[in-house]
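Asker: I need the structure of the sequence given here:
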Amino acid sequence: MKELNLSQKKIEISGLSVKYGNTIALKDISFSVHEKEIIGIIGPAQSGKTTLLKTLNRTIELIPTAEVEGVVKIDGIDISTIKNVNQLRRKVGMVFPLPVGLPLSIYDNVAFAPRAAGLREKSKLDELVERCLKQAALWEEVKDRLDSLGTKLSGGQQQRLTIARALSHQPEILCLDEFSIAVDPVTTMRIEDVLKELRSQMTIVLVTNLVQQARRLADRTAFIYNGDLIELDDNEVIFSNSPAEKITFDYVRGNFG
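Answerer: The predicted structure is shown next:
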């Protein structure tokens, strides 16, 4: 496992609770994520994992019934005080479980956000598109057909295009929500290789339904169950024979979930 800068906290979550109407999604969650760390988030369906991700870039606010309490800080700044939420969402990129390609060319899928942010110079856009597609391990497959519709790509390619699009914002934090659901095992491993390369450049929050994926990729892993943060520790502890909580031991060994 790489050595983390434990003195530099990229994300600080304190007393975070979220509910949708009468349904409680998260209960008083508190933890920190270090600079350039990959943190895995595991737990059964409906445990609050996706809700947690949505609080990090305030897309939770797009859900009318959501009520949020507590504090989320990024680089020491309470994100609720950030007036330009689009700026926050550029800083905190998000990749969702199912690839949702824009009905545009492959090139324009990646260039869309930078253009919206004011980048117009073609040479710089060309360089950015190529860099992001390379980072997403897609460049070699599409470099000769950048004008083709992104929605015509295979499912695995579309998921990597979604990652390239998220990277076009040049995020400091990349959140991934069960990216493996819609892709085959070979593509999953390719994306995992991409994440291993990106770990030196940004902080990654990885929600996954594959326990072994968290074990392979993360520096630390958090286990969330029914909205409670049960345990967060180094992978050597979480996936050993002696995590702090028996329920963690049972979950990572597939005894329930």
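
Asker: could you pull out the helices for the stretch 1-150 of the chain?
Answerer: 49-56, 85-91, 106-116, 122-135, 139-142 (DSSP state H, counting those that start in this stretch).

Asker: Contacts made by the longest one with the rest, please.
Answerer: Judged by Cβ atoms under 8 Å, 6 or more residues apart in numbering, the contacts made with helix 122-135 from elsewhere in the structure are 106-107, 110-111, 114-115, 119, 139, 142-143, 146, 161, 163-165, 167-168, 194, 197-198. No exception for glycine: its C-beta is placed from N, CA and C like everyone else's.

Asker: so where's this structure uncertain?
Answerer: Within the chain, the ranges that satisfy pLDDT under 70 run 1-7, 98-101, 257.

Asker: Determine which residue lies closest to the centroid of it.
Answerer: C175 (1.4 Å; Cα atoms, centre = their mean).

Asker: what's near enough to touch it?
Answerer: Residues in contact with C175 (Cβ under 8 Å, 6+ apart) are L53, L56, N57, V92, G93, M94, V95, I204, V205, V207.

Asker: Looking at those, which is nearest F31?
Answerer: V205 (11.1 Å; Cβ to Cβ).

Asker: Checking the closest one next. Helix, strand or coil?
Answerer: Assigned by DSSP: H, G, I helix; E, B strand; the rest coil, the conformation of V205 is strand.

Asker: you'd agree it is up against H34?
Answerer: No: with contact defined as Cβ atoms under 8 Å, V205 and H34 do not form a contacting pair (11.5 Å).

Asker: So which of those two has more stuff around it?
Answerer: V205 (25 against 18; other Cβ atoms under 10 Å).

Asker: Buried members of the contacts of helix 122-135 into ChimeraX, please.
Answerer: Typed into ChimeraX, the line below selects the buried ones among the contacts of helix 122-135, using 16 or more other Cβ atoms under 10 Å:
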select :106,107,110,111,114,139,142,146,161,163,164,165,167,168,194,198
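
Asker: where do the strands sit along the stretch 101-250 of the chain?
Answerer: Taking DSSP state E, counting those that start in this stretch as the test, the strands found in the stretch 101-250 of the chain are 173-177, 203-207, 220-225, 228-234.
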